[in-house]
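J.: 3D, please:
(chains A and B)
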Amino acid sequence: MPEFEVAYIVFGLISASVIAVMGIGLTLQAGISRFFNISYGELVTLGAFSTYTFSVTWAFPLFLAIPVTCVVVAVASVGLNWTVFRPMRNSNAWVLLIASLGVSFFLSNLFFAQWGSRVRRLDVPDFLSDSHKIGDVVITGTDMMIVAAVIIISMLLYLMLQRTGVGKAMRATADDPGLAAVTGINPEKVSFYTWLLAGALAGLGGTFFAMTGFLEPQMGTRIILLIGASVVVGGVGNPWGALAGAFVVGMSMELSVMFINPGLKLAVAFAALVIALLIRPQGILGQKGFL
Amino acid sequence: MVKTLLVAGVALLVLALAAACGDDDGGGGGGGDIQVGILYPFTGDISHAGAGVGNGVTVALDDINGAGGPLGRQINDIREDTRSLSEGAIEGASKLINVDDVTAMMGPTSRTIFSVLERIQQAGMPHVIAVAGSGDLDTTLGTTSFRNFPSDTLVGAVLVKTAQDMGFTEAGFVFDLGESAQGVKALVKKAWEDAGGTTTLDIDLAVDQPSYSSEALQVANESPPIIFSQMDPDTAAGFFPAVEAQGVLPDITFFFAGGADNDLFLEAVGDTFDEMKSITQRPSRVGQGKDIYDADFARLLPSEESGTFDPFARDALIVIALAIEAAGSTDKAAVVAAIPDVAGPGGEVCLTFATCVELIRDGTAIDFEGAANGMNFDETGNVTGSFNIVEWDGADWAIIRELSEDDLAQFQAQN
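T.: As a prediction, the model looks like this:
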């Protein structure tokens, strides 16, 4: 059995950060739209391939490709809502869940037809791929960038939700859509900004995933399970819950390798999900009966 | 007048339908094309195997149909894509068996073979598996299936003997959780431990993880001098850069049991692959038909490069065509019975369909020798094989060792 090393905690933090970016987006969307959007994984895939297309195919600098990707996926997210989910907004959560599953399959196969089955890697500048030894822990520039990005995103999100009108409207709508509407909050406007933000985070998350691993057209179909686990563990609808859930999932995965074969890491993530729900069914920071 | 035209029209329609039916009789008798099902992954993460098979089939069809085909009928290949998935293999096999009513089948690969093998055998289908090394096929081929590709049981011996010949006594094992990789791992590990080797690292890799840093750290901590490995491109794309980040990549020899010597894998791992010392095995082409095959391949597919799998596919399709000729019909049971007869040994050696079919028509017993190997099936429907050990030199895979059938038999007898 491997000995305890601080490195495993650091790696857990990095894994959690990659999951958290996507988890925050998914949970914001779920909080406003009141359903679990399985096709969010395809927005993540779109993000990864958008960054790949801009930075590798069209030779944009990576740090230009990333914000452009966020815009592209944000627009795609809003478009998806307007064309598919908004017309069904009065349906119950189950109908929307199944609809999102259908959208997921459709987009996944569309991506497969467009980009083929090849596994690709995102080329990153040397300063990101280079290793750095901090104490006994060796991490890459990409790892540091992702953790820093999540800290910055969390701070900006906090400021937005606490200090801006849109943010306050989002919180109010997530807490009680009926009451929010009575107080004059425009639910369409809130929905628009939420899907926009969730899409941008999906684009960023897909890019981060591609930077630490790979991209292939059907990656989103599988990643959504991990993102979903972190969202449910944290409590659906609460962005800070998604952060906490990602932390639980990421840490449990990486720390588990000290005790069991790493091949079971994903099983550990879902075991953590089950245990967390047994202890607190609504999730760490979730509301009872949210969905 | 109208009535006459109507009758004439109906008569023409009936004649056209009869002609259409007679033109394509699938697996039955008659004089149309003979359908052979080619069930392989033409898309998905092991599509390189399907691409190789496709090239081999193209070369075989040129030989077979150029010589008039078995029983004077052309072979028509029906390619079904497994998409590298079991469900795709099941869909493809069902279509080939039930809709296309093919006379014989080839494929699929180790990853999906067990999802369709029973179905193929229940159909009494003449079946040659050209690209599947799974050790589980050593004893499960049954009465209608044959395999002209060396078993992974041999691959285990190949890897272990090579590692020991290179002086390694300690090794690690890093395989992904795929069924194929785990099957190979069990064989290699058993061969390694039976031969007295020490295992210092044994980890499996799950797919679709946000990070492989923890696994890479374990590799760095143990740093075994050689690691036996097999994994899909997506797992490799995340794992090897993580090992590189730990700074131990140049110190370790990665000995791939399979799946690494193709463009999909190299592209997935990217520049990191050039930082690694990577070796792998390839079934060597020792068949007497090798030179003829290479010339045909260069003529027919000038822009393609012959790989590991294509000569096996070519040999498999030719042996099926020869068996149909020897059987004298497309009756499945007769074709199955004829496969070991035409593959030899014991008859007059011949190297192409064109030369072999002439001998059969003269009443001469034949021994078809393939481009990849001698195509001599044992009582389990398997063949033995010899191997090359190849190393990535930054631009290509260079042969560094050769292991003959005798070398392997001797090693297996000792252990």
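
J.: every contact and neighbour count from this point should use C-alpha atoms.
T.: Fine.

J.: okay, now residue A:176: neighbour count?
T.: The number of residues packed near residue A:176 is 13, by other CA atoms under 10 Å in any protein chain shown.

J.: meant to ask about residue B:205
T.: So residue B:205, with other CA under 10 Å, has 22 neighbours.

J.: for it, what are its contacts?
T.: By CA atoms under 8 Å, 6 or more residues apart in numbering or on different chains, the contact set of residue B:205 is A:262-263, B:174-177, B:215, B:235.

J.: next up, the contacts around residue A:19.
T.: Applying CA under 8 Å, 6+ apart, the residues near residue A:19 are A:205, A:226-227, A:230, A:246, A:250, B:210.

J.: can you tell me the element it falls in?
T.: helix A:6-33 (DSSP states H and E).

J.: right, and the helix or strand after that helix?
T.: That would be, after helix A:6-33 and using DSSP H and E, helix A:40-52.

J.: on that earlier part again, give the buried residues for the helix holding residue A:19.
T.: A:7-33 (16 or more other CA atoms under 10 Å in any protein chain shown).

J.: likewise stretch B:336-346?
T.: So for stretch B:336-346, counting by 16+ other CA under 10 Å, buried means B:336-345.

J.: rewinding a little: show me the contacts of residue B:205 that map onto strands.
T.: Judged by DSSP state E, strands contain the following of the contacts of residue B:205: B:174-176.

J.: and those residues as JSON lines, adding distance to chain A?
T.: Shown next, in JSON lines, are these (distance: CA to the nearest CA, whole Å):
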{"residue": "B:174", "distance to chain A": "10"}
{"residue": "B:175", "distance to chain A": "9"}
{"residue": "B:176", "distance to chain A": "8"}
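
J.: got those as a markdown table, with neighbour count and pLDDT columns?
T.: Shown next, in a markdown table, are the ones in strands among the contacts of residue B:205 (neighbours: other CA atoms under 10 Å in any protein chain shown; pLDDT from 0 to 100):
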| residue | neighbour count | pLDDT |
| --- | --- | --- |
| B:174 | 23 | 97 |
| B:175 | 28 | 97 |
| B:176 | 22 | 94 |
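
J.: from those, which is closest to residue A:234?
T.: Of all these, the one with the least separation from residue A:234 (CA to CA) is residue B:176, at 29.8 Å.

J.: if you rank every helix and strand of chain A by mean pLDDT, what lands last?
T.: Sorting the helices and strands of chain A by mean pLDDT, DSSP states H and E puts helix A:177-182 at the bottom, at a mean of 87.

J.: could you point out which element follows it?
T.: Helix A:177-182 is succeeded, C-terminally, by helix A:187-212 (DSSP H and E).

J.: just the buried residues of the helix or strand following that following helix, please?
T.: Once helix A:187-212 ends, the next helix or strand along the chain (criterion: DSSP H and E) is helix A:219-234. Neighbour-count burial for helix A:219-234, counted by 16+ other CA under 10 Å, picks out A:219-221, A:223-234.

J.: same question for stretch A:146-153.
T.: Using 16+ other CA under 10 Å as the test for burial, stretch A:146-153 gives A:146-147, A:149-150.

J.: where does the chain have low pLDDT?
T.: Unless you meant another one, I'm taking chain A. A:1-2, A:288-291 (pLDDT under 70).

J.: wait, I meant chain B there
T.: In chain B, residues with pLDDT under 70: B:1-31.

J.: let me see the contact set for the residue nearest to the spatial centre of it.
T.: Centroid-nearest residue in chain B, with CA atoms, centre = their mean: residue B:131, separated by 0.9 Å. Each residue near residue B:131 by CA under 8 Å, 6+ apart is listed here: B:49, B:53, B:107-110, B:147-149, B:309, B:312-313.

J.: ok, of those, which come out buried?
T.: B:49, B:53, B:107-110, B:147-149, B:309, B:312-313.

J.: going by distance to residue B:227, which of the residues you listed wins?
T.: Lowest distance from residue B:227 to the buried ones among the contacts of residue B:131 (CA to CA) belongs to residue B:110, with 22.4 Å.

J.: the closest residue to the closest one other than its chain neighbours: how many residues sit nearby?
T.: Nearest non-adjacent residue to residue B:110, counting by CA to CA, 6 or more residues apart in numbering or on different chains: residue B:132, 4.6 Å away. Residue B:132: 23 surrounding residues under other CA under 10 Å.

J.: is it true that residue B:132 touches residue B:109?
T.: Yes. Residue B:132 is within contact range of residue B:109, at 4.5 Å (criterion: CA atoms under 8 Å).

J.: that's a helix at the residue nearest to residue B:110, yeah?
T.: No. Using DSSP: H, G, I helix; E, B strand; the rest coil, the assignment for residue B:132 is coil, not a helix.

J.: against residue B:289, how distant is it?
T.: 21 Å (CA to CA, to the nearest Å).

J.: same thing with residue A:224?
T.: Counting by CA to CA - residue A:224 and residue B:289 are separated by 50 Å.

J.: now residue B:69
T.: 19 Å.

J.: quick one: the helices in the stretch 151-300 of chain B?
T.: B:152-165, B:179-194, B:213-222, B:233-245, B:263-269, B:272-275, B:290-300 (DSSP state H, counting those that start in this stretch).

J.: winner for burial among these?
T.: Highest mean neighbour count of the helices of the stretch 151-300 of chain B: helix B:233-245, a mean of 25 (counted as mean count of other CA atoms under 10 Å in any protein chain shown).

J.: looking at the stretch 151-300 of chain B, which residue is nearest chain A?
T.: Nearest residue of the stretch 151-300 of chain B to chain A: residue B:238, at 3.9 Å (CA to the nearest CA).

J.: returning to what we had before: and which of the contacts of residue B:131 is nearest chain A?
T.: residue B:49 (13.2 Å).
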